[in-house]
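Q: the sequence and its predicted three-dimensional model are supplied below.
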Amino acid sequence: MAMGSAAFAQDGISADTTGGKKAPLQTFNHKWSVGVAVSGNINIMTTGTAYMSTVTYYPFLGTGIGINANYRLFKWLSFRVGAMSLMKSHRWENAITIDGNTASTSSVYENRFVNIPVLADFSIGKKTRFHLFLGGYLGYWTNGHIIGSEIPFLSLNDEGVNNDYEFDSRRDNRFEAGLAYGLGLAIPLSNRLEMDIDLITHYGLTDMQKKYMRQQNPRYNTTTMLQLGLAYNF
């Protein structure tokens, strides 16, 4: 039997040493992986109102798509770097009263960002693995779009708005940075392929505005994403 097994090995056919049982999936034995992911998110734009007491900001839903690469240093510790195109939107509502009459308008600001997260990935489990992500991210505000209505000065007649956001270099801070953290679940589909389900938050620490006027209110994005992805291990 030993000679037969050796012959099979030389012919490129490995001998069955598992007794006919299916070998367990061991995706964590691989050092590298690359993946793609799609996401849905909710973005909260945190700010004050101060002199704009009639204005209220609301969270809004968005989507994203991204790629990532993962390097496993130990069985329980990996490092992940990614790049994603992400919509960080919010809704803005304004109620104005003139001579006892009140008019209310609402607009949605759809802001597109490119984010680059860098995460430490702590994991446990043999087949299905549970993940804890801790790290940070850098972002760039690429473009924006406004849909809704606005009230012209000293008027209660609202006007429709559907146009691209026009950046002002004196006002808009297009660079963003913050903390990134979350939880994940990796489900092996084969020894090379796994499905990832991640819940990750990007907590912005930089103001969307520059210091362009007195008594201005800083604006910070907090974006929580539910990501579904596929990763290939090698």
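A: That came in fine, so what should we check first? Numbering: from 1, shown residues only.
Q: and the nearest residue to residue 45 once chain neighbours are set aside, what are its bridge partners?
A: With Cβ to Cβ, 6 or more residues apart in numbering as the criterion, residue 45 has its nearest non-adjacent residue at 3.9 Å, and that residue is residue 90. C-beta: built from backbone N, CA, C; applies to glycine. Assessed by DSSP bridges, residue 90 has beta-bridge partners residue 59, residue 109.
Q: correct me if wrong: residue 90 contacts residue 61.
A: No - Residue 90 is beyond contact range of residue 61, at 10.3 Å (criterion: Cβ atoms under 8 Å).
Q: quick one: which of those two has more around it?
A: Using other Cβ atoms under 10 Å as the criterion, residue 90 and residue 61 rank with residue 90 on top: 21 against 11.
Q: and the more buried one, what does it touch?
A: Contacts for residue 90 (Cβ atoms under 8 Å, 6 or more residues apart in numbering) come out as 43-45, 57-60, 108-109, 111.
Q: can you rerun that using 6 Å?
A: 45, 57, 60, 109 (Cβ atoms under 6 Å, 6 or more residues apart in numbering).
Q: can you put these in CSV and add neighbour count and pLDDT?
A: Formatted as CSV, the contacts of residue 90 follow (neighbours: other Cβ atoms under 10 Å; pLDDT from 0 to 100):
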residue, neighbour count, pLDDT
45, 22, 92
57, 17, 88
60, 20, 96
109, 19, 92
